[in-house]
Structure formats: structure tokens, C-alpha cells
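>>> dropping the sequence and predicted coords here.
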Amino acid sequence: MVIEDMAAQGKEPTFCMGDDIPLAVLSSKPHLLYDYFKQRFAQVTNPAIDPLRETLVMSLTSQLGGRGNLLETTKSEFAHLMKLDSPVLNDGELNQVRQSEFAIANLSTLFKIAEGPSGLQRAVAELCQQATAAVRAGQEILILSDRLNPSGEPTSLSSDCSYIPPLLAVGAVHHHLIRQGLRMKASIVIDTAQCWSTHHFACLIGYGASAICPYLAWETVRHWWASTKTQKMIEQGKISTSLTGAQSNYRKAIDGGLLKVLSKMGISLLSSYHGAQIFEAIGIGSELLQLGFAGTVSRLGGLTVADLAQEIVAIHSRAFPTLTGKKLENLGFFNYKPGGEYHMNNPEMSKALHKAVGEKSHDHYQLYQTLIANRPITALRDLLDFKGDRPSIPLESVEPVEEIVKRFCTGAMSLGSLSREAHETLAIAMNRLGGKSNSGEGGEDPLRFKGFDDVDETGISPRFPHLKGLRNGDTASSAIKQVASGRFGVTPEYLMSGQQLEIKVSQGAKPGEGGQLPGSKVTPYIAMLRRSKPGVSLISPPPTTTSTPLKTWRS
């Protein structure tokens with residue numbers, strides 16, 4: 001779902017916005033260590049860069065080799081570095097690094113599972129000691145690999161042998177060399193199978209890796225391109241890429257993703273992101289943090305080294321049929337799978353709600369409520385409870401509900417991300433309550449700006465035959481009109497029809513790009529509203545992706 005799409009399209013795959021699975025620390029399924037780290041990003045105070053339109057001021061250049069004192073500009077040996085245009089290496093490029101004139105140390109990250117949790121701790125300590133000894137011996141580039149045995153010979157995993165998670169291996173060596181005062185004398189390169197998405201690359205670079213060779217991702221690209229299904233699509237003209245092109249597309253997608261990650265913090269150079277640790281850990285305990293991620297913010301404790309070892313074994317055992325007796329399974333982290341990871345938006349809950357609404361069934365609505373109330377712990381707020389040990393307040397002392405709801409606002413959800421029916425129904429409902437609906441940045445149909453005066457006795461308006469239960473005097477115009485760089489459907493009429501203008505300026509109060517609307521969702525109606533063409537993918541400008549505006553004007 002990730003690698004193949006990158007190989008075919010040359011860009012990151014687009015999924016629905018939002019993540020409805022439990023946090024890694026709350027999940028009943030084993031997660032990779034990367035999943036416990038969240039990207040930090042600039043929130044208004046540091047205007048983000050637009051990686052699509054300001055690429056010229058950004059660079060993914062990386063350099064390998066020992067560094068000297070930055071204040072001593074006269075020593076020419078400090079300039080003896082290997083320049084990489086991208087931190088993403090393939091097998092051939094990694095071999096070129098190994099065969100270069102630089103002093104190289106190849107260090108294995110493998111360890112024996114039979115040694116238990118203490119085996120992981122011991123393996124990390126030994127790796128750090130080997131790295132220290134190599135740097136003191138004059139090695140300028142450390143290659144940490146999970147396909148080399150401790151003797152430096154090529155090997156592969158077995159049922160009794162696994163590897164230190166690459167993120168922990170990089171972070172532990174990085175911090176150990178800092179503590180020894182040796183970090184500037186060598187660069188770290190990671191050669192691993194456990195790296196394929198942009199977040200993985202960003203984590204590894206953020207914790208000290210100068211370059212990464214994701215060898216299993218490259219092998220996956222080659223398998224995908226050579227498969228019968230892909231070859232048939234190439235023959236039919238649905239895909240036009242060579243094997244070299246597919247691998248180039250994968251690198252292009254990762255590079256583009258890294259630029260996007262950097263831009264959210266207002267960083268233009270990969271060298272500024274390298275080792276910067278711009279992450280927050282959610283569910284990592286102090287012991288594990290000190291081992292490999294010192295200085296990282298972790299407001300919530302959790303995973304210990306022993307816990308991590310157990311997760312490694314749980315994931316590792318699934319890869320060997322001799323241990324599990326089953327084929328490799330899809331745990332459903334992206335799409336819902338029966339028996340897989342829990343999703344808050346699951347089919348059972350959706351069916352209950354649809355039946356409750358469609359059949360006006362109170363029983364189905366009660367089932368829906370029960371499913372919500374009894375769902376597995378998914379978010380941190382699920383761990384909270386109300387004490388309720390204070391006496392109740394008399395109802396006459398509380399503001400009437402009719403007044404309270406006037407301060408309610410809907411989220412800024414664009415037409416296109418929501419269906420037309422849902423978007424209009426929300427606006428009508430909020431207008432009846434005296435609250436405010438938010439248009440989002442997708443524009444609005446001018447027909448909605450005029451109130452309803454043609455509703456018949458059945459609650460139907462000829463102008464909006466798809467809506468039911470209307471009343472004369474209703475209006476479908478959103479009270480809050482959102483503007484994002486004047487991007488979609490912003491006209492004088494649109495602005496004048498609102499009670500409040502929400503204007504996005506500069507910034508980035510959430511990671512990633514703005515709302516992405518796939519081309520298949522851009523119907524003629526949506527295209528008309530957004531002043532675009534049907535079938536063209538639409539994306540909010542990355543620097544203006546907040547739904548918490550910098551400035552708000554009220555009429």
C-alpha cells in the first residue's frame with residue numbers, strides 16, 4: 001500500500017485524513033518503534049516553507065565523513081567529505097560508499113532472541129562499544145546493518161536471530177558517541193529492512209543517520225515491477241515505467257516526503273534536521289529514552305527495553321511459519337481487517353448508525369452508543385474518568401440549552417471531504433440552533449446563500465430536492481466562510497454571505513499537507529465550486545493547513 005504506490009506514482013500515497021487506530025502504546029498489536037514517535041511542527045510562530053513552490057531554497061544534500069571544528073576554517077582535511085544528493089541509498093550506492101577511500105566500519109545489529117529482553121539491552125551496549133572502538137581507531141563512516149553477522153559477513157534472519165530496531169540502533173550509537181566526545185569524527189549509515197515510509201526515514205535522520213539503505217523496500221519495488229499483474233498493466237498502458245524508473249520513483253517519493261516533513265518546521269536543509277530530534281515520544285519509558293533517545297520529550301511513560309524486546313519477538317515470530325504455522329498476516333493498520341487492529345470507524349459501528357438513521361430505529365442507535373462506550377482504549381482521553389463527587393447544580397442556575405447551543409460551531413469541513421447532503425444539512429441545523437457552521441475551504445454553491453421560501457408541505461424544496469424535512473425560513477449558508485490563500489471558490493458573493501470570515505495566514509498548525517481531495521472525488525459539481533476541472537486532484541497549499549486560523553473577522 002505504501003511502497004508500490006510510490007514506485008508507480010513517484011509520490012506518497014494519499015489516504016483518508018485522520019488515524020482511527022489506537023496509539024501504539026495502547027494497541028493490543030505489536031508496533032514498530034517508529035510508531036511511538038510523532039513529528040513536531042511549527043504552529044504559527046514559525047511560518048512553514050512550501051516544499052512544492054519553494055524547492056529552490058531547500059536541499060536534501062547529506063555529507064559523510066569526519067567533521068572538524070567549525071571555527072577552524074584553515075584546515076583543508078575538514079573538507080574531505082563524501083557528498084550525497086539524497087540520504088536514500090540503493091545497494092549499488094552503498095557498495096560505492098564501502099569501496100570509497102574513507103575508512104569504513106561495518107557493524108552488525110543482529111542479536112539472539114533466545115537471550116530474552118536482556119539480550120536486546122546487551123546487544124545495544126555491545127554495538128555502542130564497537131562503534132566507539134571503531135571511531136577511536138580512525139573509522140570515518142559507521143555502517144549499521146541487519147544483514148551482516150557479528151563477523152561482518154552477509155547473512156539473513158533466522159527463527160532464532162532478530163535485529164535491534166534500526167531507530168534504536170542509530171539513536172543509541174548517536175548518543176553514546178556524543179557522550180564519549182567522538183560524534184563529530186564519524187557519520188552513521190543504516191542498512192536495514194525495517195524502513196520504507198517517509199516517517200521511518202525522517203525518524204532515522206532525526207536521530208543521527210546521515211544516509212539509509214532500505215534494501216527490503218528496493219527489493220519490494222523490483223518484485224512489484226516484475227510481477228505478472230504489473231507487467232500486464234504496463235502492456236495495457238496503465239503504467240509506463242521501467243524497472244529503473246520504478247526505483248527512481250520510489251526515491252523521488254521519499255525525497256518529496258522528506259522535504260514536506262522539513263517544511264512543516266520551517267527547515268530548508270536536511271543538515272539542519274539531521275540529529276535534531278524534532279519528535280515527541282508517546283508511550284516511551286524513561287529507561288528506553290535514556291538508552292537511545294535522550295532529550296526527547298515524553299509526557300507519557302510506557303515502553304521499557306524489556307517491553308520493546310517482547311514486541312520485537314512478537315513481530316519476528318510472525319515471519320517464520322515454523323513458529324506460527326500461518327502465513328504472514330495483514331494486521332490492518334491502514335485498512336480495517338477482521339481480527340486485525342481496532343478502528344474507531346469500523347463496519348459494525350457504521351452499520352449500526354446507518355440503520356439507526358435509515359430505519360429511525362432507537363434500538364440500533366442504542367447499539368451504536370454501546371459500541372462507542374465499550375470500545376477498546378484508543379486515545380489518551382479514554383483513560384480519563386469523571387469523579388462526580390460534587391453535588392448537582394440546580395437546573396435553574398444553569399444557562400438554558402437554547403442559549404448554550406448558540407456558541408456551538410462545526411469543524412471546518414470542506415464540501416468534497418463531506419458529501420453535499422451532509423455539508424448542507426450541517427449548515428441548516430446550525431442556523432436553526434443559532435450556532436455557526438464552517439464552510440471549510442472548498443467554496444459554497446451560490447444557491448445556498450438565499451433562504452428557503454419554496455418549501456412544500458412535504459418539506460421538499462425544488463432547488464434542493466435531495467434534502468428532506470426543510471422549512472420555509474431555513475438557510476443552508478454557512479455562517480463562517482473560510483479563506484485559504486483565496487484558493488478555492490472565494491468570490492465577493494461568497495465573502496458577503498458569511499457572518500464571520502476565517503482567514504488562514506502563513507503557517508501550519510498540523511503536520512502534513514493540507515486537505516487532499518483525490519481526482520476521483522472532484523466531480524463536475526465540486527470542480528465548479530472550486531473553480532477547477534473535474535478529475536484534477538486538489539490540495540490545500542501546505543503553508544496554510546490549519547483549521548485554527550491566525551485571524552478571524554466578524555461582520
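Done, it's in. Residues are numbered from 1 along each chain as shown.
>>> so what's the residue nearest to residue 454 when sequence neighbours are not counted up against?
Excluding its sequence neighbours, the residue lying closest to residue 454 (C-beta to C-beta, 6 or more residues apart in numbering) is residue 461, at 5.4 Å. Where you see a C-beta, it was placed from the backbone N, CA and C, and this is true even at glycine. Residue 461 makes contact with 452, 454, 455, 467, 470, according to C-beta atoms under 8 Å, 6 or more residues apart in numbering.
>>> so the third one belongs to a strand, correct?
No. According to DSSP: H, G, I helix; E, B strand; the rest coil, residue 455 belongs to no strand; its state is coil.
>>> just checking, it touches residue 474?
Yes. Residue 455 lies in contact with residue 474 (C-beta atoms under 8 Å); the separation is 7.4 Å.
>>> where do the strands sit along the stretch 351-500 of the chain?
Along the stretch 351-500 of the chain, the stretches classed as strands by DSSP state E, counting those that start in this stretch are 409-412, 436-438, 480-484, 500-504.
>>> who wins for proximity to residue 70 among those strands?
Closest approach to residue 70 among the strands of the stretch 351-500 of the chain (C-beta to C-beta): strand 500-504, 38.6 Å.
>>> and that closest one, what does it pack against?
strand 480-484, strand 551-554 (3 or more C-beta pairs under 8 Å, 6 or more residues apart in numbering; DSSP states H and E).
>>> now for residue 455 and residue 474: what residues contact both?
Taking C-beta under 8 Å, 6+ apart as the contact rule, residue 455 and residue 474 touch no residue in common.
>>> what mean pLDDT does the helix or strand hosting residue 250 get?
Assigned by DSSP states H and E, residue 250 belongs to helix 243-263. For helix 243-263, mean pLDDT rounds to 94.
>>> please apply the same query to stretch 413-423.
88.
>>> for it, list the C-alpha coordinates in PDB.
Written as PDB, here are the backbone C-alpha positions of stretch 413-423 (Å, rounded to 0.1, in the frame of the first residue of the first chain):
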ATOM      1  CA  MET A 413     -15.000  20.600   6.800                       C
ATOM      2  CA  SER A 414     -15.000  21.300   3.100                       C
ATOM      3  CA  LEU A 415     -17.600  20.300   0.600                       C
ATOM      4  CA  GLY A 416     -15.900  17.400  -1.100                       C
ATOM      5  CA  SER A 417     -14.500  15.900   2.000                       C
ATOM      6  CA  LEU A 418     -18.100  15.800   3.100                       C
ATOM      7  CA  SER A 419     -20.900  15.000   0.800                       C
ATOM      8  CA  ARG A 420     -23.200  17.800  -0.500                       C
ATOM      9  CA  GLU A 421     -26.100  16.400   1.600                       C
ATOM     10  CA  ALA A 422     -24.100  16.300   4.800                       C
ATOM     11  CA  HIS A 423     -22.500  19.700   4.300                       C
END
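>>> okay, and residue 191 sits in which element?
strand 187-192.
>>> list of residues touching that strand?
Contacts for strand 187-192 (C-beta under 8 Å, 6+ apart): 63-66, 89, 94, 97, 109, 140-148, 163, 166, 169-170, 173-174, 204, 208-216.
>>> same check, this time on stretch 360-379
Stretch 360-379 is contacted from outside by 20-23, 26, 28, 342, 344, 348-349, 352-353, 355-356, 382-383, using C-beta under 8 Å, 6+ apart.
>>> 6 Å instead?
Residues outside stretch 360-379 that contact it (C-beta atoms under 6 Å, 6 or more residues apart in numbering): 22, 26, 342, 344, 349, 352, 353, 355, 356.
>>> in TSV: those residues, plus pLDDT and neighbour count.
Listed next are the contacts of stretch 360-379 as TSV, based on pLDDT from 0 to 100; neighbours: other C-beta atoms under 10 Å:
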residue	pLDDT	neighbour count
22	93	21
26	93	18
342	93	18
344	90	16
349	91	16
352	93	21
353	92	17
355	92	16
356	93	18
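>>> from those, which is closest to residue 182?
Of all the contacts of stretch 360-379, residue 182 sits closest to residue 26, with 38.3 Å by C-beta to C-beta.
>>> contacts only, for the closest one.
Residue 26 touches residue 377, counting by C-beta under 6 Å, 6+ apart.
>>> run the last query once more with 8 Å
283, 376, 377, 378, 379, 380, 382.
>>> can I get the residues you listed in CSV with neighbour count and pLDDT?
Converted to CSV, those look like this (neighbours: other C-beta atoms under 10 Å; pLDDT from 0 to 100):
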residue, neighbour count, pLDDT
283, 21, 93
376, 12, 92
377, 14, 92
378, 16, 92
379, 12, 91
380, 14, 91
382, 13, 90
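>>> of those residues, just say which sits nearest to residue 262.
Among the contacts of residue 26, and counting by C-beta to C-beta, the member closest to residue 262 is residue 283, at 25.1 Å.
>>> the contacts of strand 187-192 in strands, which ones?
Secondary structure from DSSP state E places 63-64, 141-145, 163, 209-214 of these in strands.
>>> how about the residues you listed in JSON lines, adding distance to residue 498?
Shown next, in JSON lines, are those (distance: C-beta to C-beta, whole Å):
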{"residue": "63", "distance to residue 498": "52"}
{"residue": "64", "distance to residue 498": "55"}
{"residue": "141", "distance to residue 498": "58"}
{"residue": "142", "distance to residue 498": "58"}
{"residue": "143", "distance to residue 498": "58"}
{"residue": "144", "distance to residue 498": "56"}
{"residue": "145", "distance to residue 498": "58"}
{"residue": "163", "distance to residue 498": "56"}
{"residue": "209", "distance to residue 498": "48"}
{"residue": "210", "distance to residue 498": "50"}
{"residue": "211", "distance to residue 498": "50"}
{"residue": "212", "distance to residue 498": "48"}
{"residue": "213", "distance to residue 498": "53"}
{"residue": "214", "distance to residue 498": "48"}
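>>> quick one: which two of the residues you listed are the most distant?
Maximum distance among the ones in strands among the contacts of strand 187-192 (C-beta to C-beta): 26.8 Å, for 63 and 163.
>>> more neighbours, these two?
residue 163 (23 against 16; other C-beta atoms under 10 Å).
>>> for the more buried one, give the beta-bridge partners.
Beta-bridge partners recorded for residue 163 (DSSP bridges): residue 110.
>>> correct me if wrong: it contacts residue 110.
Yes. Using C-beta under 8 Å, residue 163 makes contact with residue 110 at a distance of 5.1 Å.
>>> any common contacting residues for these two?
146, 157.
>>> buried stuff in the helix holding residue 250?
Neighbour-count burial for helix 243-263 flags 245-263 (criterion: 16 or more other C-beta atoms under 10 Å).
>>> moving C-terminal from that helix, which element do we reach first?
Next along the chain after helix 243-263, taking DSSP H and E as the criterion, comes helix 270-273.
>>> which residues touch that following helix?
59-63, 87, 202, 205-206, 258, 261-262, 265, 267.
>>> please repeat the previous calculation with a cut-off of 7 Å.
With contacts defined as C-beta atoms under 7 Å, 6 or more residues apart in numbering, helix 270-273 is touched by 59, 60, 61, 62, 87, 205, 206, 258, 262, 267.
>>> kindly write the PyMOL command that selects the buried subset of those.
To isolate the buried ones among those in PyMOL, judged by 16+ other C-beta under 10 Å, type:
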select buried, resi 60+62+87+205+206+258+262+267
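>>> and of the contacts of helix 270-273, the nearest to residue 393?
For the contacts of helix 270-273, the nearest to residue 393 is residue 206 (48.8 Å; C-beta to C-beta).
>>> what pLDDT does that closest one get?
97.
>>> now do the same contact list for it.
Taking C-beta under 7 Å, 6+ apart as the test, what residue 206 contacts is 273, 276, 277, 278, 279.
>>> where do the helices sit along the stretch 1-150 of the chain?
For the stretch 1-150 of the chain, the helices defined by DSSP state H, counting those that start in this stretch occupy 3-9, 91-98, 117-136.
>>> state the mean pLDDT of the second one.
Average pLDDT, helix 91-98: 96.
>>> now do stretch 32-42
On average, the pLDDT along stretch 32-42 is 90.
>>> since that was my last question, I'll sign off now.
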